[in-house]
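Build me a structure from this.
(2 chains)
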Amino acid sequence: MDNNQSSAHIMVHDLTMAYGDFVIQHDLNFSITRGEIFIIMGGSGCGKSTLLRHLVGLMTPAQGKVCYGEKDYWAASQEERDSINRRMGILYQSGALWSSMTLAENVALALHEYTDLSAGQIEDIVALKLALVGLAGFEKYLPSEISGGMRKRAGLARAMALDPDILFFDEPSAGLDPISAKLLDDLILEIRDSMGTTIVIVTHELASIFAIGDNSVFLDAETKTIIAKGNPNILLAESPDARVRQFLTRGIQENA
Amino acid sequence: MATAAHIHIESTGSGSYQVAWFGDWTKQSSAPDTNQYLDQIAGDESCDLIVLDGQAVTDWDILFVSVLYKFTEYALRNNITLEYQGIPEGAQRLLKLATAVPERKGARKTDEKKRLFRRVGEKVLEVGDEANKMVHFLGQSVNSLRRFVRGEAQFRDIEFAVVIQQVGAEALPIVSLISVLVGMILAYVGALQLEPFGAEIYVADLVGLGVTREMGAMMTAVIMAGRSGAAFASQLGTMQVNEEIDALKTMGFSPIDFLVLPRMVALIMMLPLLCLYADFMGVLGGALVGVMTLDISLFEYYTQARSAIGFGDILAGLIKSIVFGVLVALAGCMRGIQCGRSASAVGDATTSAVVTGIVLIVVSDAMLTIIYDVVGL
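This is a model prediction of the structure:
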């Protein structure tokens, strides 16, 4: 077992994803190291978000395994899966805030259910989490009363409620202006650096990929599998695969 | 004036074709359909060169480019060499753009016509699949109810209270209106038959029994299917679209406990209460007709109705309303939870919830009426 495997936080073995008989991606193999920012990239419709749904337990693999540490997620009992899920936070594309609850209630729900903290302590933690994402004072707002970017940040505060070991982001920059997207990138880096959280991001936003990605996999829609792995900046400079270089240069290099 | 558009195709040697366009190829020029020309080339398997000649084209727009694209795309797909002669530069640029991203293999859908047997078979399998989903959902809901009884279910009390208010108190105005009107209709229909015999007073019996045994529970349930069942389906369906249900699942919350249970319990609690209220309002509607048009005094009507309606009649209606409550809640929540991930899917789920709810109400009502008859209730 090499060094990389020994510190692997998530390992994906021979994963095949399918809707019924229609295979989305097959034979995916990669590992995500503890504390790294890992990018899942590829063109639209290649199955990036589907891979994320498999990693977080929303979809069952057609074949293969997803392991958290030593534990095979799909071979584990429901209780063990719930316990793995409680160690992860997910920021969905739309924020996915529960619309009937205020921002504070959204963040507090998991704390109420899964910790023995007092109501006052939970209130303090909620205030801090919202302040960390730049939403101090918005505790009593409903999701419908704030902007899309703010909903995304509130979704991040909720994802961080239980101080997870792993944070998943599904297209975090989608629908954000460049400045908000850059601020979100900075926030992601800050979370990783200060808390050592493993970060997994599904995106095709090149600026983010190069700015914060430590490691990555590239999913190809044509061959339906991974065609490149590694640090995105190194892939840009050294990938022998024209499709990867074309993607990472917005096609400019290939057309020149 | 526009020159009439036409196309000429000729074989210029073994496997090579020259396709030439003449005149105005614009949307206004009544240009001919070109499929037959492509079919001519497609019929020759030895074809390895196509020359597209636009030198004689006097005017063109996107229609011309679409025809060129058809030939170009065919040539690319079949590895046939393509040459352009006198094709306008603008058209060539558009063709280059259209062919820049190659067609994804296997992406094109074929318009296969399904045979009758296959279509019938698929529909039958769909029904089986649907029944399977219903049983699965029913099982999950029963498990959730069991956890609720044991006090282990996770849901927010405030959400439960809000649903109770929505399905209970907020439904009172519409239930009042419909029940009074149903009582009045029954009274008018009864009076028409009873008046010739001078037996108008028995309108109180007819309305009383009709409302308490049947119409009170049935009409309340139909209102609830249209009002609360539809609301449940659209609320849960929208949560599915917005990934809110995914967020619950991945945080370890059961969507059935969290979303379905409070709605189901609220409706099971509120429907019998609304049914009692509807019974009262229905009898009141009958009394209005009796007092105003049949010259029966309010006291007479009250005495007659009291003697006609027994505890068993009210109980029969109440039992029905509890069953209806379960069915309406199940139909609404099931359609919402099983909703697809698009805006139109939410509309479909809502419609389906109402239809399923009303069908289940009527079918179960018929079954209960037969059972009552057998057991003598």
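
Show me where the stretch 151-256 of chain A dips below the pLDDT cut-off.
A:253-256 (pLDDT under 70).

and if you look at the stretch 1-150 of chain A?
A:1-6.

can you rerun that using 80?
Under the criterion pLDDT under 80, the flagged ranges of the stretch 1-150 of chain A are A:1-7.

Give the full set of residues in contact with the closest residue to chain B within it.
Nearest residue of the stretch 1-150 of chain A to chain B: A:A96, at 3.8 Å (CB to the nearest CB). Using the backbone N, CA and C atoms, a C-beta is placed for each residue, glycine as well. Neighbouring residues of A:A96 by CB atoms under 8 Å, 6 or more residues apart in numbering or on different chains: A:155, B:242-244, B:246-247.

Farthest pair within the residues you listed?
A:G155 and B:D246 (11.8 Å; CB to CB).

tell me, what's touching these two both at once?
With CB under 8 Å, 6+ apart as the test, A:G155 and B:D246 both reach A:92, A:96.

Who has more neighbours out of these two?
Using other CB atoms under 10 Å in any protein chain shown as the criterion, A:G155 and B:D246 rank with A:G155 on top: 29 against 20.

Nearest residue to the more buried one in space, please, no chain neighbours.
A:G95 (3.6 Å; CB to CB, 6 or more residues apart in numbering or on different chains).

if I've got this straight, that neighbour is in a strand?
No: counting by DSSP: H, G, I helix; E, B strand; the rest coil, A:G95 is not part of a strand but coil.

Is it in contact with A:A159, as I believe?
No: distance between A:G95 and A:A159: 9.8 Å, which falls outside the contact criterion (CB atoms under 8 Å).

The chain: strands as residue ranges?
Here I'm looking at chain A. A:8-19, A:22-33, A:37-42, A:63-68, A:71-72, A:88-91, A:166-170, A:198-202, A:215-220, A:225-229 (DSSP state E).

Let me rephrase: I mean chain B.
Going by DSSP E, chain B shows strands at B:6-11, B:16-25, B:49-60, B:81-85.

strands paired with the last one, and their directions?
As defined by DSSP bridges, the strand partners of strand B:81-85 come to strand B:49-60 (parallel).

Residues contacting the strand it pairs with, please?
Under CB under 8 Å, 6+ apart, the answer for strand B:49-60 is B:2-3, B:12, B:15-26, B:29, B:41, B:64, B:68, B:71-72, B:75, B:80-88, B:91.

Can you list the buried residues in the helix or strand of chain B with the lowest mean pLDDT?
Every helix and strand of chain B was ranked by mean pLDDT, DSSP states H and E. The lowest is helix B:35-42, at a mean of 84. For helix B:35-42, a neighbour-count test (16 or more other CB atoms under 10 Å in any protein chain shown) marks B:37-38, B:41 as buried.

And stretch B:50-69, by the same measure?
B:50, B:52-54, B:57, B:60, B:63-65, B:67-69.

Check the average confidence over it, would you?
The pLDDT scores in stretch B:50-69 average 90.

Next one: A:A110 from A:D124, what distance?
Distance, A:A110 to A:D124, using CB to CB, to the nearest Å: 15 Å.

again but with B:V328, I slipped
Applying CB to CB to B:V328 and A:D124 gives a distance of 43 Å.

now swap in A:G35 and tell me
A:G35 is 27 Å from A:D124, by CB to CB.

check contacts around the closest residue in space to B:M264 that isn't next to it in sequence.
In space, and not counting its chain neighbours, B:M264 is closest to B:A329: 4.1 Å by CB to CB, 6+ apart. The contact partners of B:A329, taken as CB under 8 Å, 6+ apart, are B:228-229, B:232, B:260, B:263-264, B:266-268.

out of those residues, who's nearest chain A?
B:R263 (12.1 Å).

returning to that earlier point: need phi/psi at the residue of the stretch 1-150 of chain A closest to chain B.
Backbone dihedrals for A:A96, given as degrees, to the nearest 10, come out at phi 50, psi 40.

Not counting its neighbours along the chain, what's nearest it?
The shortest distance from A:A96 to any non-neighbouring residue, by CB to CB, 6+ apart, is to B:E243 (3.8 Å).
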